[in-house]
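Chemist: requesting a structural model of the entry that follows:
(2 chains)
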Amino acid sequence: MKFHVNRDVFSEAVSFAVKLLPQRTTQPILSGVLLEASGGALTLSSFDYEVSSRTEIAAEVDEDGTALVSGRLLAEIASRLPNAPVEFSTDEGRIVVSCGSAKFTLLSMPVEEYPTLPQVEDRTGVIPAEEFAAAVSQVAVAASRDDVTPVITGVQLEVGDNKLSLIATDRYRVAVREIDWDSGAASAEGTAALIPARTLSEVGKTFAGSGTVAVSIVRSDDRELIAFSADKRTVTSLLIKGNFPPVKRLFPDDVENYAVVNTADLIEATRRVSLVLEREAALRFSFSIDGVTLEAAGSEQAQASETIEAHLHGEDTVVSLKPSFLLDGLGAVHSEFVRMSFTKTDNPNKPGPVLITSQSSKDQPGADDYKYLLQPNLLLR
Amino acid sequence: MDYAGRLSAHLPLATRLLVLKGDGSVLVHSDSLSYKPLNWMSPPATFAIEEVDEERASAGVIELWRVTHTKTADLLVISIHEILHDSSHELGVDPGLQKDGVEADLQRLLAEQIELLGDGFALVRREYMTAIGPVDILARDASGASVAVEIKRRGDIDGVEQLTRYLELMNRDPLLAPVTGVFAAQEIKPQARTLAEDRGIRCVVLDYDAMRGLESGHARLF
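Modeler: A predicted model of the protein is given here:
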């Protein structure tokens, strides 16, 4: 095997291929990145039976061949190479990387033992990349990080009528957003896939600048996986098994009682007042015609309160919220103002959930349909 | 009370709780400081009740205790003016501190809520005996296959090794085999998880509070 590649193109491709490699693996061979040079192109791939990444870049191939080398080491080398064309060649089980005056010799791992990457051919639909990246970042904050219930550590994708819903929850809150979805001629309505939130977040960031991303959801007998591809890059991931809870029905249809607040002001005030809170304690928000007052009961040593402007529609409302949960929602609305809607409830022991949506001005709802539903705590006094 | 030896100390006359333990130690407690005594003599020590001389007797002393450390010759002298209460109790053999109370409780709870391992799971029995010790739980999955469950508070490499040994042994039993393993813990270390999964053992993280019906600090939507 012998080929020449552009340094920047190569470095970017390697960092893409190794990004989703597992932190620790019991099979060292899976920590490698597979290089395949043939016919004017170099393919780089990684696979750990759960997640695979594959990309193809242009290369000047003198001699076809394949090689398997340590992924992280290659990524570190690639990112520090001098600014010159990179030449790869194999020499008796070793791989020689030369770039300008620098030269590296790497040990090659046995290619024959490397597993075959899943091949996904049928495309289920196409999504706009930028919108997808934004939606993933908005929704994934609500996914559970606790392994107790594996099904809610994922983000649920549900295909609707020309729309794709992204849903995540950790039981305390639910985040949902819809983006455009184009299934082409065939309808994929009703298809769903549950993907580990960490993997989906990386996928969102990776493809953010790609224009459109093709999505394939494969459900065969023994394997369920999803593939995302754009710009000659493909990421596949096994799906999480199990049924995602039917959380969409938790959202209220129409709420008349709501307040509109400047998002940045509310974030600042929440952070400030929370300083005196004990860990895990909740913050009390009193909405009235005069604005919203944030109160932290804190400890005996310190208390805090602050009042900021808020435009209340409907009756005065008091809610008790965990600051970090509220901040996650406020950070994800991506709009200048935020609408906090207060659901009515008949249960005296469980306050109605608070719905957070975007608002582009005091009176104008936001452009996207992002929804973040948060369960307040019972008021203690 | 006077202490002499490596340090000198004096405690003025007051109402005290004096504890004399079977190991020879003497502890002087007040109505504060929790478990900490105001002063004490560690074992080995010799205890003696001395004659009260006239001078002390006229000062109101009714009993004089002298506690001497056998090795350092440190001396604790206690002058008793009044005895409000005096009793002696035999505590018998100490069963030791049980630190695995949570583990036992987790085992009981998981046996009761065996469906936490998956739909269709059924309990065979707790503490299933093998030649090398008891397996925490033996269950059957939906298809009727045996599942051995090892329960830990903190899931470490050691626990995975322990379960691996049980599985190896149980898989030799034609009535049980094939037996798969489940490593269940409140918290599983990444290394233990990697090792378990590499050996085909499923990891399950248990929420102790939810299992015993305790609400967490924050309200849930569902």
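
Chemist: from the chain's centroid, how far away is stretch A:324-339?
Modeler: Stretch A:324-339 has its average C-alpha position 17 Å from the chain's average C-alpha position, going by C-alpha atoms, centre = their mean, to the nearest Å.

Chemist: list the buried residues of it.
Modeler: For stretch A:324-339, burial by neighbour count (16 or more other C-beta atoms under 10 Å in any protein chain shown) applies to A:325-330, A:332-333, A:335, A:337-339. Any C-beta I mention is one placed from the backbone N, CA and C, and that applies to glycine too.

Chemist: any stretches of chain A with poor pLDDT?
Modeler: Under the criterion pLDDT under 70, the flagged ranges of chain A are A:221, A:380-381.

Chemist: interface residues of it facing chain B?
Modeler: Counting by C-beta under 8 Å from any C-beta of the partner chain, the positions of chain A adjacent to chain B are A:23-26, A:146-148, A:169, A:171-174, A:245, A:247, A:250, A:280, A:282, A:322, A:325, A:350-351, A:353, A:373, A:375-378.

Chemist: are any of those residues buried, and which?
Modeler: A:148, A:169, A:171-174, A:245, A:247, A:250, A:282, A:322, A:325, A:351, A:353, A:373, A:375-377.

Chemist: what about the residues you listed, which are in strands?
Modeler: A:169, A:173-174, A:373 (DSSP state E).

Chemist: ok, back up a step: so which of the buried residues of stretch A:324-339 are in helices?
Modeler: Among the buried residues of stretch A:324-339, the members found in helices (DSSP state H) are A:325-330, A:332.

Chemist: which pair of the buried residues of stretch A:324-339 spans the longest distance?
Modeler: Of all pairs drawn from the buried residues of stretch A:324-339, the one with the longest distance (C-beta to C-beta) is A:Phe325 and A:Phe337, at 19.5 Å.

Chemist: partners of the nearest residue to B:Ile49 once chain neighbours are set aside in the sheet?
Modeler: Once its chain neighbours are removed from consideration, B:Ile49 has its nearest residue in B:Trp65; the separation is 5.9 Å (C-beta to C-beta, 6 or more residues apart in numbering or on different chains). Using DSSP bridges, the bridge partners assigned to B:Trp65 are B:Ile49, B:Ile78.

Chemist: show me the contacts for B:Trp65.
Modeler: Contact criterion C-beta atoms under 8 Å, 6 or more residues apart in numbering or on different chains gives B:26, B:47-50, B:76-78, B:80 as the residues in contact with B:Trp65.

Chemist: of these, closest to B:Val102?
Modeler: Sorting the contacts of B:Trp65 by distance to B:Val102 puts B:Val26 at the head of the list, at 35.6 Å, by C-beta to C-beta.

Chemist: what about the closest one, neighbour count?
Modeler: By the criterion of other C-beta atoms under 10 Å in any protein chain shown, B:Val26 has 20 neighbours.

Chemist: list the contacts of B:Pro44.
Modeler: By C-beta under 8 Å, 6+ apart, the neighbours of B:Pro44 are B:23-24, B:69-71.

Chemist: now do 6 Å
Modeler: If a contact means C-beta atoms under 6 Å, 6 or more residues apart in numbering or on different chains, then B:Pro44 has B:24, B:70 as its contacts.

Chemist: same check, this time on A:Asn257
Modeler: Going by C-beta under 6 Å, 6+ apart, the list of residues near A:Asn257 reads A:314-315, A:342.

Chemist: compare these and tell me which is most surrounded.
Modeler: When neighbours are counted by other C-beta under 10 Å, A:Phe342 leads these with 24 neighbours.

Chemist: mind checking the pLDDT average for stretch B:157-167?
Modeler: Averaged over stretch B:157-167, pLDDT sits at 94.

Chemist: parallel or antiparallel, which strands does the helix or strand of chain B with the lowest mean pLDDT pair with?
Modeler: Sorted by mean pLDDT, DSSP states H and E, the helices and strands of chain B end with strand B:2-4, the least confident at a mean of 79. Looking at strand B:2-4 with DSSP bridges, its partner strands are strand B:9-10 (antiparallel), strand B:75-80 (antiparallel).

Chemist: how far off centre is it?
Modeler: When C-alpha coordinates are averaged (C-alpha atoms, centre = their mean), strand B:2-4 and its chain have centres 35 Å apart.

Chemist: now that strand: buried residues?
Modeler: By neighbour count on 16+ other C-beta under 10 Å, the buried set for strand B:2-4 is B:Tyr3.

Chemist: tell me the SS of residue 126?
Modeler: Defaulting to chain A. Under DSSP: H, G, I helix; E, B strand; the rest coil, the three-state class of A:Val126 is strand.

Chemist: was after chain B, sorry
Modeler: Under three-state DSSP, B:Arg126 comes out as strand.

Chemist: residues near it, how many?
Modeler: Other residues close to B:Arg126 by other C-beta under 10 Å number 19.

Chemist: which parts of the chain are helices?
Modeler: No chain specified, so I'll use chain A. Listed from the start of the chain, chain A has helices (DSSP H) covering A:7-18, A:71-80, A:129-140, A:197-207, A:263-274, A:323-332.

Chemist: let me rephrase: I mean chain B.
Modeler: Ranges of helices in chain B, per DSSP H, are B:54-58, B:101-112, B:157-170, B:190-198, B:208-211.
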